[in-house]
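Trainee: Provide a 3D model corresponding to the input given below.
(one chain, ligands or ions: 2)
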Amino acid sequence: MRNSEVLIIGGGVIGLSIAREMHKIGAGRITIIERGSIGREASFAAAGMLAPNAETDKIDDFYNFCAESNRLYPDFAAALLDETGIDIELDRSGTLYLAFTGDDSIELKKRFDWQTSAGLAVEHLNTRETLTAEPFISPNVRESLFFPNDWQVENRKLLEALRKYSEINGIRIREGTEIREILTAGEKVIGAASDSEKFLAGTTIIATGAWTSLIKIGEMPVSVKVKPIRGQMISFHPREKLFKRVIYSSRGYLVPRADGRILAGSTVEDVGFDKSTTETGVSALRCVASEIAPCLAGMTISDKWAGLRPYADDGLPVIGEIAGFKNLIISTGHYRNGILLAPFTAKIVAERNTGFLRRSLSGPPAIAGG
Ligand code: FAD
Ligand code: GLY
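Mentor: Ligands and ions are numbered 1, 2, ... in the order given. I've put the predicted structure just below:
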């Protein structure tokens, strides 16, 4: 393979979004190396929620990072439609967060109070208003919060669109190739190698999700610790569309897709690189779904799957340069929010790399590492 200006290791939503952004700001000869097939790991397994507000307990750098990436989504979706003809189904109907127990209500009140005093958009709905908004929700619901700025996207279409962008724009994709080692010449990183091939590059970007800690830089393991956290999902496909918007409880969530499917998620399990679904996991998800909507209790499960979220030590994304190495950027650890964070992550990485920041943030992004 020819030398690249930019070599991206990992073809998930993060690697693909970075490739697109690098191309847009003028980088040439971009190559993505993917160990399996493009976009078939965590990014494929995800639920596609863009939810900076529903689970937030405070406004900090991470919140600002999430909120900024969310703000980018309408333009990101419109641009991808224009560039590729693929509609990524950005749905801005908002998110409902339900309370079924006294503890849930306490949690909701806390969230409502601080978010309203911080000026964030959140509305309180009583039982009747909640059931009017979503009639298939259980009548046991006590109350809910509505987050108008928490949206969803069809992440599998997003991956399709990003792949197509690469294909249309000459970004080279190599699948079925696992990078083992980052190649160095002194402090300078000069590319990466699989067991049988070298890929030389001006800039090398590690976007390997949950597998990041398996890569070596020269003889040393990469210094950033990332571990896989399994998330299982199930889906239903009722004949009619039951819900209009994403529905959360503190025990799980339902995500209604445009085609009528309802995704229910998700488990959070520290079980290594095992991507299987389990009976226990599936039945826990069935319980979550049935608590939110009793009509799902007896409905046939149409599909089930699992993916591995990339979890860094402190749960925050790791984006930046690795100390001691030039021409090497890492972008991983997006844990439960990689779909949400993809557009802004791509901008940060691309703009840092080319040395000019074209926008300023209200607060510094959640960049760790380096
Ligand atoms: P991945 O998609 O895993 O991509 C990494 C890629 O790198 C893989 O394709 C892998 O094969 C490749 N790779 C690894 N090592 C190598 C190597 N050595 N050489 C070559 N290639 C390599 N996020 C949200 O924002 N909203 C959600 O609603 C949401 N729901 C989720 C639900 C579940 C069940 C799960 C599992 C995750 C969810 N997430 C969600 C999180 C989100 O999916 C991840 O944060 C995101 O997909 C991470 O993207 P990534 O590109 O870093 O990782
Ligand atoms: N963000 C949803 C999940 O990780 O399950």
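
Trainee: would T204 count as being in a helix?
Mentor: No - with DSSP: H, G, I helix; E, B strand; the rest coil as the criterion, T204 is assigned strand and is not in a helix.

Trainee: and it, how far is that from N327?
Mentor: Counting by C-beta to C-beta, to the nearest Å, the separation of T204 from N327 is 6 Å. The way it works is simple: take the backbone N, C-alpha and C, and place the C-beta from them, glycine included.

Trainee: so for those two, which residue has more residues nearby?
Mentor: More neighbours surround T204 than the other of T204 and N327, with 27 against 21 (other C-beta atoms under 10 Å).

Trainee: beta partners for the more buried one?
Mentor: Under DSSP bridges, the beta-bridge partners of T204 are L7, L328.

Trainee: so it sits right up against A193, yeah?
Mentor: No - T204 is not in contact with A193 according to C-beta atoms under 8 Å; the separation is 10.8 Å.

Trainee: show me the contacts for the residue in the stretch 51-200 of the chain that ligand 2 sits nearest to.
Mentor: Distances between the stretch 51-200 of the chain and ligand 2 by C-beta to the nearest ligand atom are smallest at A51, namely 7.0 Å. Applying C-beta atoms under 8 Å, 6 or more residues apart in numbering to A51 gives the contacts 95, 147, 150-151, 246, 248, 340.

Trainee: which neighbours do T204 and N327 share?
Mentor: Taking C-beta under 8 Å, 6+ apart as the criterion, T204 and N327 both touch 189-190.

Trainee: state the distance from the residue of the stretch 51-200 of the chain closest to ligand 2 to I171.
Mentor: 29 Å.

Trainee: of all pairs in the contacts of A51, which one is the farthest apart?
Mentor: Pairwise distances across these peak at 14.3 Å for Y248 and L340 (criterion: C-beta to C-beta).

Trainee: what is the burial count for the nearest residue to N155 once chain neighbours are set aside?
Mentor: Sequence neighbours aside, G48 is the residue nearest to N155 in space, at 3.9 Å (criterion: C-beta to C-beta, 6 or more residues apart in numbering). Using other C-beta under 10 Å, the number of residues around G48 comes to 23.

Trainee: got the contact list for stretch 72-91?
Mentor: The contact list for stretch 72-91 (C-beta under 8 Å, 6+ apart) reads 50, 92, 151-154, 157-158, 160-162, 164-165, 168, 245, 257-258, 343-344, 347.

Trainee: show me where the stretch 201-350 of the chain has strands.
Mentor: Assignment of strands within the stretch 201-350 of the chain using DSSP state E, counting those that start in this stretch yields the ranges 216-217, 220-221, 226-236, 246-249, 252-256, 262-265, 301-312, 318-321, 328-332.

Trainee: what's the closest of these to V122?
Mentor: When the strands of the stretch 201-350 of the chain are compared by C-beta to C-beta, strand 246-249 sits nearest V122, at 12.7 Å.

Trainee: how far away from the center of its chain is that closest one?
Mentor: The chain centroid and the centroid of strand 246-249 are separated by 17 Å under C-alpha atoms, centre = their mean, to the nearest Å.

Trainee: now for it, which elements pack on it?
Mentor: Here strand 246-249 touches strand 95-99, strand 252-256, helix 279-292, going by 3 or more C-beta pairs under 8 Å, 6 or more residues apart in numbering; DSSP states H and E.

Trainee: quick one: it near ligand 2?
Mentor: No - Strand 246-249 lies out of reach of ligand 2 by C-beta under 6 Å from any ligand atom, never closer than 9.7 Å.

Trainee: just stretch 82-98 next, same as before
Mentor: No - using C-beta under 6 Å from any ligand atom, stretch 82-98 stays clear of ligand 2, coming no nearer than 11.6 Å.

Trainee: for the residue of the stretch 101-250 of the chain found nearest ligand 2, grab the count of nearby residues.
Mentor: Here the residue of the stretch 101-250 of the chain nearest ligand 2 is G231; by C-beta to the nearest ligand atom that distance is 4.8 Å. Close neighbours of G231, defined as other C-beta under 10 Å, add up to 22.

Trainee: which residue, neighbours along the chain excluded, lies closest to S266?
Mentor: Nearest to S266 is G231, by C-beta to C-beta, 6+ apart, at 4.1 Å.

Trainee: now do the same contact list for the one you found.
Mentor: 42, 45, 265-269, 306-309, 336.

Trainee: list, out of those residues, those positioned next to ligand 1.
Mentor: Applying C-beta under 6 Å from any ligand atom to the contacts of G231, those adjacent to ligand 1 are 42, 45, 265-266, 307, 309, 336.

Trainee: among those, which are in reach of ligand 2?
Mentor: Applying C-beta under 6 Å from any ligand atom to the ones next to ligand 1 among the contacts of G231, those adjacent to ligand 2 are 265-266, 309, 336.

Trainee: wait, F344 touches A67, no?
Mentor: No - using C-beta under 8 Å, F344 makes no contact with A67, being 9.4 Å away.

Trainee: most tightly packed of the strands of the stretch 201-350 of the chain?
Mentor: Comparing the strands of the stretch 201-350 of the chain by mean neighbour count (mean count of other C-beta atoms under 10 Å), strand 328-332 ranks first with a mean of 27.

Trainee: tell me the gap between that strand and the middle of its chain.
Mentor: Mean-position distance between strand 328-332 and its chain equals 16 Å (C-alpha atoms, centre = their mean).

Trainee: quick check: angle from that strand to strand 301-312?
Mentor: 140 degrees (axes from the mean of the first three to the mean of the last three C-alpha atoms, to 10 degrees).

Trainee: touching strand 328-332 from outside, list them.
Mentor: By C-beta under 8 Å, 6+ apart, strand 328-332 touches 14-15, 18, 182, 189, 203-209, 212, 217, 222, 224, 226, 310, 312, 317-322, 345, 349, 352-353, 369.

Trainee: count residues in the vicinity of the residue lying closest to T332 once chain neighbours are set aside, would you?
Mentor: In this structure, T332 finds its nearest non-sequential neighbour in T212, 4.6 Å apart by C-beta to C-beta, 6+ apart. Per other C-beta under 10 Å, the neighbour tally for T212 reads 25.
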